[in-house]
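Trainee: for reference, the sequence and a predicted model appear below.
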Amino acid sequence: MKKLFTLSMLFVATSLFAQEEVTEKKLSITGSIDAYYRANLNAPNDLENWTAPGSSFANLPGFALGMANVVMSYEGEKTGFVADLVFGPRGTDAIFASPMYSATGNIINQLYAYWNVSESVTLTMGNFNTFLGYEVISPTANFNYSTSYLFSYGPFSHTGIKADIALSEDFSLMLGVFNDTDLTEFNPTGDYAFGAQLGYAGQYLNFLLDPSFTEIDFTGGFDLSDDFFLGINAAYLSLEDDGGGFSGVALYPQLATSETFTIGLRGEYFVEDGAFGAIGSGVEDTSVFAATLTGSFAIDNLTIKPELRLDSASDDSFLDNDLATSKSLSSFVLAAIYSF
C-alpha cells in the first residue's frame with residue numbers, strides 16, 4: 001500500500017510538473033530609465049540663450065530627464081509580439097511625428113508581431129525601430145549617451161512589413177515595405193518606402209528608398225582584441241528634387257579597462273549638401289567634426305556615464321558666453337541609466 005501511495009504521489013507530481021512546462025508563460029517585461037545633467041563649458045546654460053549640438057537627445061540644460069522605457073514581449077514557438085512604450089523627453093523626441101490620430105500614439109516606440117515561418121525566415125508586421133545606423137533610441141544599447149548627427153538625421157522608425165532571411169551562417173538579408181519614414185500610426189500620403197539590408201558576419205549594408213529621400217548606410221564593427229572594439233558607421237542621404245542632404249562617417253573605438261569600466265570615443269565628421277539645416281549655421285555645405293569622450297561605469301544594473309563633447313563646425317553655428325556666434329561648442333554630460 002505504501003509503495004502504491006508513493007507511486008501515486010510521484011505520478012501526480014510528474015503530471016503537475018509537465019503541466020507547468022506546457023503552460024509556462026513566456027511574457028517578459030524589460031526596460032530602462034535614464035536621467036542626466038548637462039552643461040555647456042563655453043556657452044550659456046540658461047534656457048533663453050541655450051545652445052546645444054544639432055544632434056538628438058541629451059540636449060536640455062541642467063538636470064534633465066531622459067525617458068522611462070517599458071518593453072513587453074511574448075515569445076512563442078513560432079510567433080510573438082513586442083510592445084515598446086516610452087515616456088519622457090527622449091521618447092517624445094524619438095516619436096516626433098505622433099500623435100497623428102491616437103492621443104497615445106506618442107508613447108509607442110515599437111508595436112509589432114512576428115512569425116518565424118521557418119528556421120531561416122521571419123516575417124514582422126507593425127511599427128519597429130530603423131535598421132539603419134549604428135546608434136539607437138534606447139540609451140542602454142548605445143555606448144555614448146549623446147547621439148551622432150548621422151543617427152539624428154536618419155530615420156528613427158518604420159511601420160510596415162519586413163522579411164528577415166538567414167541566407168547562411170554569415171549572410172543575412174532583410175527586405176521591407178513601409179509607410180513614409182517616421183509616420184508610424186498610419187499612412188496619410190498613400191506613398192510607400194522600400195528598405196533592404198545585406199549582412200555579413202556582423203557588417204551591414206543598408207538601403208532605404210523613401211518617397212522624399214534615399215539613404216545608403218554602412219554599419220559594422222570589429223573586435224580588435226578581447227578588450228578593444230572598433231565600431232563604424234558611414235551614411236549618405238539625398239533629398240528628392242535636389243533638395244540637399246548629408247554624408248558622414250563616425251568611428252567608435254572602445255577600450256574595456258576592467259570588468260566594470262570602459263572608455264570610448266566617438267569621432268564623427270558630418271557634412272551637409274546645400275542648406276540641409278542639421279548643424280544650425282544657416283550656411284550651405286556646412287560641416288562639423290564632433291568628438292565625444294565617454295566613460296561607462298557599471299554597478300549591477302546601473303550605468304553611470306560621464307561625457308565630454310566638442311563640436312567644431314566650419315561656419316558659425318553656436319553661441320559663446322558673450323552671446324556671439326561661434327564655430328565651436330564644448331559640453332559636459334553626466335548620465336545615469338538603469339536597466340531591468
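Mentor: In hand now; what should we look at? Being a predicted model, the structure only gives us computed values, none of them experimental.

Trainee: how far does stretch 87-100 stretch from one end to the other?
Mentor: 17 Å (CA to CA, to the nearest Å).

Trainee: for it, which outside residues touch it?
Mentor: 34, 56-58, 60, 64-69, 86, 105-109, 137, 139, 156-157, 182-186, 188 (CB atoms under 8 Å, 6 or more residues apart in numbering). Just so you know, the C-beta spots here come from the backbone N, C-alpha and C atoms, and that holds for glycine as well.

Trainee: just the buried ones from those residues?
Mentor: Buried members of those, scored by 16 or more other CB atoms under 10 Å, are 34, 56-58, 60, 64, 66-69, 86, 105-109, 137, 139, 156-157, 182-185.

Trainee: part of a strand, is residue 150?
Mentor: No: using DSSP: H, G, I helix; E, B strand; the rest coil, the assignment for residue 150 is helix, not a strand.

Trainee: which other residues reach stretch 165-178?
Mentor: So stretch 165-178 is contacted by 119-121, 131, 158-164, 192-201 (CB under 8 Å, 6+ apart).

Trainee: quick check: phi and psi at the residue most central in space within the chain.
Mentor: The centroid of the chain falls nearest to residue 136 when counting by CA atoms, centre = their mean (0.9 Å). Dihedral pair for residue 136: phi -130, psi 180, per degrees, to the nearest 10.

Trainee: ok, now which ones touch it?
Mentor: By CB under 8 Å, 6+ apart, the contact set of residue 136 is 129, 142, 151.

Trainee: of those, closest to residue 254?
Mentor: The closest of the contacts of residue 136 to residue 254 turns out to be residue 142 (CB to CB; 11.4 Å).

Trainee: hang on, isn't the closest one packed against residue 135?
Mentor: Yes: between residue 142 and residue 135 there is a contact at 5.1 Å, judged by CB atoms under 8 Å.

Trainee: please look at residue 131 and residue 195 and confirm they touch.
Mentor: Yes: look at residue 131 against residue 195 with CB under 8 Å: they come within range, at 6.6 Å.

Trainee: tell me the residues that contact both of these two, please.
Mentor: Common neighbours of residue 131 and residue 195, counting by CB under 8 Å, 6+ apart, are 174, 176, 206.

Trainee: circling back to that earlier point, among the contacts of stretch 87-100, which ones are in strands?
Mentor: 34, 64, 65, 66, 67, 68, 69, 86, 108, 109, 157 (DSSP state E).

Trainee: which among these gets closest to residue 332?
Mentor: Using CB to CB, the ones in strands among the contacts of stretch 87-100 come closest to residue 332 at residue 64, 13.1 Å.

Trainee: residue contacts, residue 313?
Mentor: 279, 281, 286, 287, 288, 327, 328 are the contacts of residue 313 under CB under 8 Å, 6+ apart.

Trainee: skipping its backbone neighbours, what lies nearest it in space?
Mentor: residue 288 (4.4 Å; CB to CB, 6 or more residues apart in numbering).

Trainee: give the buried residues for the helix or strand harbouring the one you found.
Mentor: Secondary structure from DSSP states H and E places residue 288 in strand 287-299. Residues of strand 287-299 classed as buried by neighbour count (16+ other CB under 10 Å): 287, 288, 289, 290, 292, 294, 296.
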